[in-house]
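Engineer: Here is a sequence together with a model predicted from it:
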Amino acid sequence: MEQKNDVQYRKMTQTTVSRLVLTMAVPTMIAMLVTAVYNMVDTYFVSKLGTSASGAVGILFSMMALIQAVGFTIGMGAGAQISRLLGRKETDMANEVASSAVISGFILGGIIAVLGVCFTEPIIRMLGATETILPYAKEYGRYIFLAAPVMITCFILNNLLRAEGRAKYSMFGIISGGLLNIALDPLFLFVFHMGLSGAAIATAISQCVAMLFLFLPYIRKKTVLCLSFKHISRSANVYGRIIKFGTPSLFRQGFASVASVLLNRSAAGHGDSAVAAMSIVAKVFMVLFSVLIGFGQGYQPVAGYNYGAKMYSRVREAFWFTLKTATVGMVVFALAAYFFSSDLVSVFLRNDEQVIKIGTQALRMQSIAMPFMALGVVCNMTFQAIGRSVAATFLTSMRQGIFFVPLILILPKFYGLIGLEAAQPAADLITFLFCIPYAVIFLKDMKKAKNDPQTKV
């Protein structure tokens with residue numbers, strides 16, 4: 001085990017930074033992209049059942065974002081610590097954090113499942129379902145709630161594998177579930193005629209398979225970390241630190257869920273076509289945004305590991321490389337999304353002109369803001385990785401919380417659909433401006449610090 005730890009330590013602290021970030025980021029981006037694609041495929045197949053069915057998936061998307069919030073809070077809260085702990089060669093403590101994270105996530109998932117099944121209709125109404133969408137949303141939501149413990153465990157295991165630099169194992173686990181979901185959707189929907197229940201069951205089964213694949217590296221002892229019941233902590237401090245360092249993820253995903261609810265409720269005032277259109281745009285945008293998030297998540301353990309090892313020049317170099325590369329990538333995606341926006345939206349509901357019109361305009365507005373999003377993601381990932389949870393929480397709260405919430409409540413009242421479509425891009429641009437001073441100060445701190453075990457930053 002010691003030899004395995006040393007090999008991984010040398011890889012994370014001695015490999016050329018650009019190569020290391022790409023090695024970590026590419027599998028993560030592929031995994032995120034597959035997840036986003038199967039969400040889009042799910043929307044595509046469901047859209048064949050009608051506009052209201054498509055809107056129902058959009059309504060439940062916010063609930064799934066909340067489930068993700070729990071998984072990412074625990075997973076990234078544990079992962080951010082684990083990278084630094086392994087950088088300091090504190091493997092036993094890393095094992096304790098990892099094992100405690102997995103068991104606590106599964107328990108919280110069980111609680112969500114029970115509450116969700118017992119109060120399905122009130123929850124879905126609160127999420128913004130119209131009377132025509134409600135029956136479809138109930139049908140879909142019941143199985144999503146039941147899958148909550150497995151979904152949360154998958155998010156945690158995914159983050160733990162990335163935290164120790166095993167991004168390829170993480171990728172295989174996520175891809176296995178995604179590809180299975182893509183295969184099962186048409187089978188359950190159109191061969192077995194199971195309706196929206198079939199799409200939800202397909203998602204639940206695929207998550208179970210993904211969890212199995214994510215556990216395999218630990219079972220086969222291919223990892224530095226060891227998951228075991230004996231490592232589960234009884235100290236409240238351990239769980240407190242997981243939540244503390246995972247708070248940025250909680251706010252990011254939690255606000256994403258709140259934003260989705262507010263968006264759905266605002267869109268509902270313009271009819272099912274607006275709800276469906278904004279749902280489709282959210283899925284298309286998520287495919288593009290997932291690549292940026294994946295790149296940032298691949299960079300995160302590099303920053304955390306080297307920060308823990310007090311190799312600050314490598315942290316600074318990784319920050320610059322990630323920011324430049326991510327910005328260029330988002331410019332390319334923005335141009336593609338802008339010029340092919342109508343084609344992308346019409347893939348889902350080709351015969352609904354109103355959906356295409358609303359969706360095209362919304363996607364073009366979002367495309368304008370895309371290149372400016374890289375800085376926010378890189379700053380957030382950096383501060384979470386190095387343990388500056390307050391700064392990370394504030395930065396991650398801006399995009400879909402501090403700025404988006406008032407914008408989505410105010411702009412549609414004055415500008416109608418245009419205001420609805422412009423709220424998120426406007427929030428993205430404001431977030432970019434606020435992130436600039438944080439990035440400048442951080443880079444100056446890393447430049448002043450020396451690669452010295454006695455140096456404290």
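Structural biologist: Nice, thanks for sending it over. Residues are numbered from 1 along each chain as shown.
Engineer: Helices of the stretch 101-250 of the chain, residue ranges please.
Structural biologist: Ranges of helices within the stretch 101-250 of the chain are 120-126, 134-146, 148-163, 167-186, 195-219, 236-268, based on DSSP state H, counting those that start in this stretch.
Engineer: ends of stretch 191-200, how far apart?
Structural biologist: 15 Å (Cα to Cα, to the nearest Å).
Engineer: Run the chain-centre distance for that stretch.
Structural biologist: 26 Å (Cα atoms, centre = their mean, to the nearest Å).
Engineer: For the stretch 251-400 of the chain, which segments are assigned as helices?
Structural biologist: Under DSSP H, counting those that start in this stretch, the stretch 251-400 of the chain gives helices at 272-308, 312-339, 341-346, 353-369, 373-385, 389-397.
Engineer: quick one on the thing from earlier: save the helices of the stretch 101-250 of the chain as TSV, and put in mean pLDDT, mean neighbour count and distance to Phe432 too.
Structural biologist: (Each C-beta comes from the backbone N, C-alpha and C, glycine too.) Converted to TSV, the helices of the stretch 101-250 of the chain look like this (pLDDT from 0 to 100; neighbours: other Cβ atoms under 10 Å; distance: least, Cβ to Cβ, whole Å):
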stretch	mean pLDDT	mean neighbour count	distance to Phe432
helix 120-126	86	16	32
helix 134-146	87	21	33
helix 148-163	92	28	26
helix 167-186	88	21	27
helix 195-219	90	21	34
helix 236-268	82	21	16
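Engineer: can you list those helices in TSV and add distance to Ser18?
Structural biologist: Listed next are the helices of the stretch 101-250 of the chain as TSV, based on distance: least, Cβ to Cβ, whole Å:
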stretch	distance to Ser18
helix 120-126	46
helix 134-146	40
helix 148-163	18
helix 167-186	16
helix 195-219	26
helix 236-268	25
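Engineer: so which of those helices gets nearest Met29?
Structural biologist: Met29 lies closest, by Cβ to Cβ, to one member of these: helix 167-186, at 8.9 Å.
Engineer: How about the contacts made by Gly87?
Structural biologist: Neighbouring residues of Gly87 by Cβ atoms under 8 Å, 6 or more residues apart in numbering: 9, 12-13, 304-309.
Engineer: out of the residues you listed, who's nearest Ile280?
Structural biologist: Distances from Ile280 to these, taken by Cβ to Cβ, are shortest for Gly304, at 35.8 Å.
Engineer: so what's that closest one scoring on pLDDT?
Structural biologist: Gly304 carries a pLDDT value of 89.
Engineer: does it really touch Ala385, like I thought?
Structural biologist: Yes - at 3.8 Å, Gly304 counts as touching Ala385 under the criterion of Cβ atoms under 8 Å.
Engineer: list residues touching both of these two?
Structural biologist: Joint contacts of Gly304 and Ala385 (Cβ under 8 Å, 6+ apart) are 80, 83-84.
Engineer: would you list those residues in a markdown table and tack on secondary structure and distance to Tyr438?
Structural biologist: Listed next are those as a markdown table, based on DSSP: H, G, I helix; E, B strand; the rest coil; distance: Cβ to Cβ, whole Å:
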| residue | secondary structure | distance to Tyr438 |
| --- | --- | --- |
| Ala80 | helix | 17 |
| Ser83 | helix | 20 |
| Arg84 | helix | 20 |
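Engineer: show me what contacts the residue nearest to Glu121 when sequence neighbours are not counted?
Structural biologist: The shortest distance from Glu121 to any non-neighbouring residue, by Cβ to Cβ, 6 or more residues apart in numbering, is to Lys138 (6.0 Å). Lys138 makes contact with 120-121, 124, according to Cβ under 8 Å, 6+ apart.
Engineer: If anything else comes up later, I'll come back, but that's it for now.
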